[in-house]
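S.K.: test case, fold it:
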Amino acid sequence: MRSNIEIRKPETKQEFEKYYNLRWRILRKPWSQPKGSEQDEMDEESIHIMAIIGDKVIGCGRGHFNSSIEAQIRYMAVDESFQGQGVGLRILKALEEELTENGAREIILKARKNAVSLYEKHGYEIYQQGEILFGEIKHYWMRKR
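M.R.: Predicted coordinates for the structure are as follows:
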């Protein structure tokens, strides 16, 4: 993994634009979803973490609270050319740290089938099947206490 990858919160409007663009490009565009579908009403009150090299955002993830003790991680994405290099794991760990420091005792997420093994390796367990997104992406609800 490249050592010049920085894991931190987006700070400027431009960084947030690049962050959301990556989220859309990886998680929505391949299924012909419109720009804007990568954002929701929880973004304003969420914790955002990105992986960045220079001025290029190469990874992102978001955490928010569903209750005072239950947090949820969403919108995890890594640029194709950096997948498999530990970038997603670094974002996951940063989000877990922020969420637990803010009171989370349980973290849930909805993992795409191809990401389940990554989350299982880091302490998450499947507790329920999720929907099939865009008619083809099977999801599983997972949790870590």
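S.K.: switch to C-alpha atoms for all contacts and neighbour counts from now on
M.R.: Will do.
S.K.: now do Arg74 against Gly54, distance only.
M.R.: 24 Å (Cα to Cα, to the nearest Å).
S.K.: what lines up beside the lowest-mean-pLDDT helix or strand in the chain in the sheet?
M.R.: None of the helices or strands of the chain scores lower by mean pLDDT, DSSP states H and E than strand 125-133, at a mean of 84. Under the criterion DSSP bridges, strand 125-133 sits next to strand 137-144 (antiparallel) in its sheet.
S.K.: strands along the chain, start to end?
M.R.: 6-8, 47-53, 56-65, 70-78, 106-112, 125-133, 137-144 (DSSP state E).
S.K.: rank those by pLDDT, which is bottom?
M.R.: Ranked by mean pLDDT, the strands of the chain bottom out at strand 125-133, which scores a mean of 84.
S.K.: tell me which residues in stretch 94-106 are buried?
M.R.: Using 16 or more other Cα atoms under 10 Å as the test for burial, stretch 94-106 gives 94-96, 98-99, 104, 106.
S.K.: Asn4: which of those residues is nearest?
M.R.: Distance to Asn4, by Cα to Cα, is smallest for Ala94 among those, at 16.5 Å.
S.K.: right, and that closest one touches His48 too?
M.R.: No - counting by Cα atoms under 8 Å, Ala94 stays clear of His48, with 9.7 Å between them.
S.K.: do you know how far Asp40 is from Gln14?
M.R.: 19 Å.
S.K.: which one of these two has more residues nearby?
M.R.: Set Asp40 next to Gln14 and count neighbours by other Cα atoms under 10 Å: Gln14 wins out with 11 against 8.
S.K.: what's stretch 34-47 in contact with?
M.R.: With contact meaning Cα atoms under 8 Å, 6 or more residues apart in numbering, stretch 34-47 is reached by 9, 20, 23-24, 27-29, 62-65, 75, 95, 98.
S.K.: how about it: buried residues?
M.R.: 38, 47.
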